[in-house]
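Student: Structure for this input, please:
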Amino acid sequence: MVLASVTCTAPVNIAVIKYWGKRDEKIILPLNSSLSGTLHQDDLKTTTTIVASEDYTEDELYLNGKKEDINAVRYQNVLKVIRSRATKLMDKKHCVHIASINNFPTAAGLASSASGYCCLVFTLAQMYGVEGDISAIARLGSGSACRSMYGGFVKWEMGTKDDGSDSIAIQVQPESHWPDMNIIVLVVNDKKKETSSTDGMQKSAATSVMMKERCAVTVPNRMREIEEAINKKDFETFGDITMKDSDDFHEVCATTTPPIYYLNDTSRYIMNLIHRYNKLSGSIKCAYTFDAGPNACIYLPAENTTEVLSLFMKHFPGDDIQTYYRGPKENIPSIENFKPSEKLASLYTPDTTFVNSLKYILHTKVGPGPQILSESESLIDNTTGLPKQLN
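Tutor: Got it, this is the predicted structure:
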């Protein structure tokens with residue numbers, strides 16, 4: 001007999017102040033605080049359904065239709081804490097079946113673990129009636145997952161307590177505060193990365209000469225400055241700090257033994273192009289940031305999106321803009337017909353173009369935190385207990 005069924009969605013977040021390195025590997029406590037923007041779920045999200053039934057003989061987990069090992073340590077850590085704080089269901093013998101899907105590539109530098117664990121914890125919390133902060137539970141699955149618990153701009157406080165009770169996510173500003181903040185994601189490569197984030201940050205924490213100053217001085221200063229910039233909607237400062245922190249993060253990776261390189265030639269070309277564009281414009285009109293992968297995430301005010309998208313299309317042309325540009329389709333005519341100002345004209349006539357260097361261009365904006373869906377959106381067939389896509 002099915003006791004409960006809950007379906008929720010959770011967003012991806014892209015950090016502008018990077019989390020890299022842990023002071024406690026087991027309960028995932030970071031060496032520094034971090035801050036991110038939450039991307040809109042119209043474009044990037046994880047959807048998770050959890051069904052509790054007396055008929056199930058064991059807990060099961062399916063990710064994108066494939067059965068996963070639910071006995072993995074991080075899943076078990078999350079389930080254990082959720083059930084210890086439950087106010088519902090624990091009076092009945094039951095097991096849960098979990099089905100989760102991403103509408104974007106998993107493990108490709110697009111923060112799939114963050115939205116995935118956030119969605120798992122948020123959905124479990126609804127089912128079991130868990131009250132109070134749950135961002136610290138999401139952190140047990142994937143550190144950055146705690147920041148996906150809220151919309152808008154979110155900081156993850158590193159905390160100082162050994163039990164991690166003060167290492168939680170706090171919303172800096174909701175998505176309604178800076179509604180014209182847009183994000184363009186240039187998907188450079190959707191293959192699985194060579195060095196996982198978990199392995200990479202362990203090695204950096206142990207061997208990079210930059211880590212000590214970054215954690216003790218650089219990040220605390222930047223956290224204060226970027227929070228103030230967000231509160232004031234000061235894009236010039238926000239963009240400057242975002243690019244500097246991305247550069248520092250990848251320098252930390254490069255000074256790790258052995259060195260870790262998440263960026264490729266396309267990534268570096270994008271960085272250079274954005275610096276040239278901002279310099280010719282006379283101000284910071286867009287800002288890049290790169291996580292542990294080659295994909296570029298560009299933050300920019302809405303008023304600059306047509307100009308910037310047209311620039312990327314000139315340097316990285318796609319075969320069919322209708323499928324290559326994954327954003328509001330009404331923008332396509334203005335992107336294709338854009339005429340740059342005289343001072344920017346040289347940038348729009350590149351000597352070399354890079355066809356097929358990008359998989360696609362995603363255009364989104366800052367959005368809300370996790371959402372609860374109706375039963376009709378369930379991913380699990382209650383009669384079989386299996387994901388509907390497997391039936």
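Student: What about the residue lying closest to residue 184 once chain neighbours are set aside, how many residues nearby?
Tutor: Nearest residue to residue 184 in three dimensions, chain neighbours excluded: residue 298, at 4.3 Å (CB to CB, 6 or more residues apart in numbering). For the C-beta atoms, the positions are set from N, CA and C on the backbone; glycine is no exception. The number of residues packed near residue 298 is 25, by other CB atoms under 10 Å.
Student: Enumerate every residue touching residue 298.
Tutor: 183-186, 274, 286-289, 308 (CB atoms under 8 Å, 6 or more residues apart in numbering).
Student: are any of these buried, and which?
Tutor: Buried members of the contacts of residue 298, scored by 16 or more other CB atoms under 10 Å, are 183-186, 274, 286-289, 308.
Student: what's the farthest-apart pair in the residues you listed?
Tutor: Greatest spatial distance in these: 289 and 308, 14.5 Å, computed using CB to CB.
Student: What residues sit buried inside the lowest-mean-pLDDT helix or strand in the chain?
Tutor: Scoring the helices and strands of the chain by mean pLDDT, DSSP states H and E places helix 197-207 at the bottom, with a mean of 88. Neighbour counts over helix 197-207 (16+ other CB under 10 Å) mark 197, 200-201, 203-205 as buried.
Student: what does stretch 37-45 give?
Tutor: If you call a residue buried by 16+ other CB under 10 Å, then stretch 37-45 has these buried ones: 37-41, 43-45.
Student: Narrow those to those in helices?
Tutor: In helices, judged by DSSP state H, none of those are found.
Student: Sort those by pLDDT and name the bottom one.
Tutor: Note: of these, the lowest pLDDT belongs to residue 43, at 87.
Student: how about that residue, what does it touch?
Tutor: By CB under 8 Å, 6+ apart, the neighbours of residue 43 are 103, 326-327, 362-364.
Student: give me that answer again for 10 Å
Tutor: Applying CB atoms under 10 Å, 6 or more residues apart in numbering to residue 43 gives the contacts 11-12, 103-104, 183, 185, 326-327, 362-365, 367.
Student: Tell me which other helices or strands the least confident helix or strand of the chain touches.
Tutor: The contact analysis (3 or more CB pairs under 10 Å, 6 or more residues apart in numbering; DSSP states H and E) places helix 197-207 against strand 22-24, helix 211-213, helix 235-254.
Student: will you turn the contacts of residue 298 into a markdown table that also has distance to residue 232 and secondary structure?
Tutor: Compiled in a markdown table, those are given as follows (distance: CB to CB, whole Å; DSSP: H, G, I helix; E, B strand; the rest coil):
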| residue | distance to residue 232 | secondary structure |
| --- | --- | --- |
| 183 | 19 | strand |
| 184 | 23 | strand |
| 185 | 25 | strand |
| 186 | 28 | strand |
| 274 | 23 | helix |
| 286 | 18 | coil |
| 287 | 16 | strand |
| 288 | 21 | strand |
| 289 | 20 | strand |
| 308 | 22 | helix |
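Student: Now residue 165. Nearest residue, chain neighbours left out?
Tutor: residue 136 (6.9 Å).
Student: Relative to the whole chain's centre, how far out is the least confident helix or strand of the chain?
Tutor: Averaging C-alpha positions (CA atoms, centre = their mean, to the nearest Å) puts helix 197-207 19 Å from its chain's average.
Student: so it versus helix 235-254, what angle?
Tutor: Per axes from the mean of the first three to the mean of the last three CA atoms, to 10 degrees, the angle that helix 197-207 makes with helix 235-254 is 80 degrees.
Student: Dump helix 197-207 to CSV, restricted to CA.
Tutor: C-alpha atoms of helix 197-207 as CSV (Å, rounded to 0.1, in the frame of the first residue of the first chain):
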residue,chain,number,x,y,z
SER,A,197,35.2,18.0,-7.9
THR,A,198,35.6,15.8,-4.8
ASP,A,199,39.0,14.5,-5.9
GLY,A,200,40.1,17.9,-7.2
MET,A,201,39.4,19.9,-4.0
GLN,A,202,41.0,17.2,-1.8
LYS,A,203,44.2,17.5,-3.8
SER,A,204,44.1,21.3,-3.9
ALA,A,205,43.6,21.6,-0.2
ALA,A,206,46.6,19.4,0.4
THR,A,207,49.0,20.8,-2.1
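Student: Pick out the most distant pair among the buried residues of helix 197-207.
Tutor: Pairwise distances across the buried residues of helix 197-207 peak at 12.2 Å for 197 and 205 (criterion: CB to CB).
Student: so what sits against both of those two?
Tutor: With CB under 10 Å, 6+ apart as the test, residue 197 and residue 205 both reach residue 20.
Student: Touching, residue 51 and residue 1? I think so.
Tutor: No - when contacts are counted by CB atoms under 10 Å, residue 51 is not listed as touching residue 1 (11.1 Å).
Student: how near is residue 213 to residue 251?
Tutor: 12 Å (CB to CB, to the nearest Å).
Student: Next: residue 12.
Tutor: Taking CB to CB, one finds residue 12 at 25 Å from residue 251.
Student: got it, and residue 365?
Tutor: Using CB to CB, we find residue 365 at a distance of 29 Å from residue 251.
Student: of those two, who's got more company?
Tutor: residue 365 (22 against 13).
Student: what about the more buried one, which SS state?
Tutor: strand (DSSP: H, G, I helix; E, B strand; the rest coil).
Student: Repeat that for residue 96.
Tutor: For residue 96, the assignment made with three-state DSSP gives strand.
Student: and it, what does it touch?
Tutor: Residues near residue 96 by CB under 10 Å, 6+ apart: 3-4, 6, 50-53, 56, 58-61, 70, 79, 82-83, 89, 123-124, 127-128, 385.
Student: Which residue is the nearest non-sequential neighbour of residue 306?
Tutor: For residue 306, the closest residue by CB to CB, 6+ apart turns out to be residue 334, at 5.0 Å.
Student: Look up how far residue 307 lies from that neighbour.
Tutor: In this structure, residue 334 and residue 307 are 10 Å apart, going by CB to CB.
Student: Residue 296 too?
Tutor: 16 Å.
Student: more crowded one of the two?
Tutor: Neighbour count, other CB under 10 Å: between residue 296 and residue 307, residue 296 has more, with 27 against 20.
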